[in-house]
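Peer 1: need a 3D model of the sequence below.
(2 chains)
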Amino acid sequence: MHLDSLYQEIILDHYRSPHHAGLAEPYDVEVHHVNPSCGDEVTLRVELDGDTVTGVTHESVGCSISQAATSVMTDLVIGKPVAEGMATYEKFLELMQGRGNVEPDEEVLEDGVAFAGVAQFPARVKCALLGWSAWRDATAQALAAKEGVSNG
Amino acid sequence: MTTTRTTLSSPLDLQSVRADFPILSRELAGGFPLVYLDSANSSQKPRQVVQALEDHYLKHNANVARAMHQLGAEATAAYEGGRDKVAAFIGAPRRDEVVFTKNASEALNLAAHTLGASLKPGDVVVISEMEHHSNIVPWQLACERTGATLKWFGVTDEGRLDLSNIDKLITENTKVVSLTWVSNALGTINPITDIATKAHAVGATVVVDASQAVPQLPVDVSTLGADLVAFTGHKVVGPTGIGVLWGRYELLAELPPFLGGGEMIEVVRMTGSTYAAPPARFEAGTPPIAQAVGLGAAVDYLAGIGMDKIAAHEQAITAYALEGLKTVPGLTILGPSEAVDRGGAVSFELEGVHPHDVATVLDTRGIAVRAGHHCARPVHERFGVQSSTRASFYLYTTPEEIEALVDGLGFVRSFFKVA
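Peer 2: Reported below is the predicted structural model:
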């Protein structure tokens, strides 16, 4: 229950100046996700070029953890193949569900390692995952739409 | 600690009250004593309630009504004894006007479902913008099912019901008016009796969500003016898993069943069934038996202390808290800022810090508050905020706990560098 382990300076920096904030054109899919229990909301847009994530922008209201996690997520997935982004999510999820017993891989998670402390605050884990769930949903929809076009 | 302004003038002996609630002397992580300021969410339980539950389960447990043995008779007497105690506590003219449900949400759904059965297109249901979701969604569903129209009272900037258009809302088309007595988000106490008089003049049925009122105000349903009143056990120092719908007997007797099953029937034939009289008509299946016993012990406990004294304490501690919170820079109170016609839940915003972050930082100091929209999203939208932090008080809340909150908020500001 150490506040400094939860609110690392990196998290507060992302919270104060979130990356890729503000919805941009063009985009393939827009989704809106909420945490119904607390009211945090994120609107997120994804643009793909083939299997590569070319753009992710968002507009969110919520706590420092959810805003910062969304910001860090955009850095981790933009410019990468979708599969790599999904694999990064799995690593992040493992960290979040690890109750503080998972050693984060900085090579993969970059600024995401700062969220290691969140795992010790079970009530806040869902905050850290909101942006990720929006990105995964939007990306899956975008892929499905492209598939539909190429098949059709 | 901050030096305080006024001293608290409470009719309660807080030390002796707190001795009944062992959880209040818990120490949390970091050696911080628990400061429980989340009673509007769920109250703590006195030893007397837990002992009643234990005694029932360990000595008298059996199913009710249908069990033909001695324990069955004891369990039935204990369950029905809970009904008697609740009836007396809320001033119900008849014991069979007290229907046990799972919680207040189920009680309100019961009301919306059974009253909804006679709604039709052109009919109007009136609620307000300050309702808990459990007094919004069941009516939205009822209106969707029947084609009736949902309308609502707005909220003024001070957090009061906006009654300026009451004559437009309550007309001959209005069949149901369902309002909260005490707002769980704003703390506002609404003038139920006055509104009920207007509603009855046009023949509408009045439903009251008393989830936050029954815990903190002396309640007399026989003079309130409502036709149906819902509340929950766990907010009145009782157990979870039990709620209450009180209804005027003549109204209950007219309403169709809600859930079907055991105990709610008269005669079941494969071609159709007839239904039991209230309250059994609305209590399908094995009811919350031990919970009714626990709720009986809870209302006995509150009545023993005196609801007038509990209400006076609530008023005093709320005034004390409002005064303390106003000393925190950047803090804005949502809802009435003076302790007049106001219950003991205070929601606020702290500039520059999100409510979840406020709650987490307070939590690391042992202070339990609620953060979010408190199941009242529309009223937050009304005030242009996404969520808030809420501190709520009860008969065991001390001025020292308010000081801890105020100090804690100072720490929150310095931690997030907004100080």
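
Peer 1: chain A against chain B: which residues are in contact?
Peer 2: A:1-3, A:6-7, A:12, A:37-41, A:61-66, A:121, A:123-124, A:127 (C-beta under 8 Å from any C-beta of the partner chain). Any C-beta I mention is one placed from the backbone N, CA and C, and that applies to glycine too.

Peer 1: type out the ChimeraX command that picks the buried ones from the residues you listed.
Peer 2: ChimeraX command restricting the residues of chain A next to chain B to the buried ones, with burial defined by 16 or more other C-beta atoms under 10 Å in any protein chain shown:
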select /A:1,3,6,7,12,38,39,40,41,61,62,63,64,65,66,121,124,127
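
Peer 1: the residues of chain A next to chain B in helices, which ones?
Peer 2: A:Leu3, A:Leu6, A:Leu12, A:Ser64, A:Ile65, A:Ser66, A:Cys127 (DSSP state H).

Peer 1: these two touch, right, the last one and A:Cys38?
Peer 2: Yes: A:Cys127 is within contact range of A:Cys38, at 7.5 Å (criterion: C-beta atoms under 8 Å).

Peer 1: check which helix or strand covers B:Glu349.
Peer 2: Assigned by DSSP states H and E, B:Glu349 belongs to strand B:345-350.

Peer 1: the chain: helices as residue ranges?
Peer 2: Because you didn't say which chain, this covers chain A. Going by DSSP H, chain A shows helices at A:3-6, A:9-16, A:64-77, A:82-96, A:106-109, A:125-151.

Peer 1: please go with chain B instead
Peer 2: Under DSSP H, chain B gives helices at B:14-19, B:47-55, B:70-89, B:104-116, B:137-146, B:166-169, B:192-201, B:221-224, B:249-254, B:289-305, B:307-325, B:355-363, B:377-382, B:399-415.

Peer 1: now the first one: buried residues?
Peer 2: To tie it back to what came earlier, the one meant is helix B:14-19. Buried, per 16+ other C-beta under 10 Å, within helix B:14-19: B:Leu14, B:Val17, B:Arg18.

Peer 1: please apply the same query to the last one.
Peer 2: For helix B:399-415, the neighbour count (16+ other C-beta under 10 Å) marks B:399, B:401-409, B:411-413, B:415 as buried.

Peer 1: of these, which are in range of chain A?
Peer 2: Applying C-beta under 8 Å from any C-beta to the buried residues of helix B:399-415, one finds that B:Phe415 fall near chain A.

Peer 1: redo the buried residues of helix B:399-415 as TSV? Include distance to B:Tyr320 and pLDDT.
Peer 2: Compiled in TSV, the buried residues of helix B:399-415 are given as follows (distance: C-beta to C-beta, whole Å; pLDDT from 0 to 100):
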residue	distance to B:Tyr320	pLDDT
B:Pro399	6	97
B:Glu401	10	98
B:Ile402	6	98
B:Glu403	9	97
B:Ala404	13	98
B:Leu405	11	98
B:Val406	10	98
B:Asp407	14	98
B:Gly408	16	98
B:Leu409	15	98
B:Phe411	20	96
B:Val412	20	96
B:Arg413	21	96
B:Phe415	25	91
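
Peer 1: nearest to chain A among the buried residues of helix B:399-415?
Peer 2: Comparing the buried residues of helix B:399-415 against chain A with C-beta to the nearest C-beta places B:Phe415 closest, at 6.6 Å.

Peer 1: reformat the buried residues of helix B:14-19 as JSON lines; add distance to A:Met73 and pLDDT.
Peer 2: Output for the buried residues of helix B:14-19, formatted as JSON lines (distance: C-beta to C-beta, whole Å; pLDDT from 0 to 100):
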{"residue": "B:Leu14", "distance to A:Met73": "48", "pLDDT": "96"}
{"residue": "B:Val17", "distance to A:Met73": "48", "pLDDT": "98"}
{"residue": "B:Arg18", "distance to A:Met73": "46", "pLDDT": "98"}
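
Peer 1: let me know the closest of these to B:Leu71.
Peer 2: B:Val17 (34.4 Å; C-beta to C-beta).

Peer 1: how about that closest one: what's its closest non-neighbour residue?
Peer 2: Of all residues not flanking B:Val17 in the chain, B:Tyr396 sits nearest, at 5.2 Å (C-beta to C-beta, 6 or more residues apart in numbering or on different chains).

Peer 1: related to what we said a few turns ago, and the furthest pair within the buried residues of helix B:399-415?
Peer 2: Those two in the buried residues of helix B:399-415 that are separated most widely, counting by C-beta to C-beta, are B:Pro399 and B:Phe415, at 24.3 Å.

Peer 1: any idea how far the residue nearest to B:Val17 lies from chain A?
Peer 2: Using C-beta to the nearest C-beta, to the nearest Å, we find B:Tyr396 at a distance of 24 Å from chain A.

Peer 1: now that residue: phi and psi?
Peer 2: phi -100, psi 0 (degrees, to the nearest 10).

Peer 1: hang on, isn't B:Leu37 packed against B:Arg365?
Peer 2: No: between B:Leu37 and B:Arg365 there is no contact under C-beta under 8 Å: 11.7 Å.

Peer 1: between those two, who's got more neighbours?
Peer 2: Applying other C-beta atoms under 10 Å in any protein chain shown to B:Leu37 and B:Arg365 shows that B:Leu37 carries more neighbours, namely 28 against 20.

Peer 1: that one and A:Ala87: what is the separation?
Peer 2: Using C-beta to C-beta, to the nearest Å, one obtains 43 Å as the distance from B:Leu37 to A:Ala87.

Peer 1: could you do B:Gly261 as well?
Peer 2: Taking C-beta to C-beta, one finds B:Gly261 at 50 Å from A:Ala87.

Peer 1: one more: B:Ala78?
Peer 2: 58 Å.

Peer 1: out of the buried residues of helix B:399-415, who's nearest B:His132?
Peer 2: Distances from B:His132 to those, taken by C-beta to C-beta, are shortest for B:Leu405, at 23.3 Å.

Peer 1: who are the contact partners of the residue of chain A found nearest chain B?
Peer 2: Nearest residue of chain A to chain B: A:Cys63, at 3.6 Å (C-beta to the nearest C-beta). A:Cys63 sits next to A:Cys38, A:Asp40, A:Arg124, A:Cys127, B:His354, B:Pro355, B:His356, B:Asp357 when contact means C-beta atoms under 8 Å, 6 or more residues apart in numbering or on different chains.

Peer 1: and if we set it to 7 Å?
Peer 2: A:Asp40, A:Cys127, B:His354, B:His356, B:Asp357 (C-beta atoms under 7 Å, 6 or more residues apart in numbering or on different chains).

Peer 1: which residue is the nearest non-sequential neighbour of the fourth one?
Peer 2: Spatial nearest neighbour of B:His356, excluding adjacent residues (C-beta to C-beta, 6+ apart): A:Cys63 at 3.6 Å.
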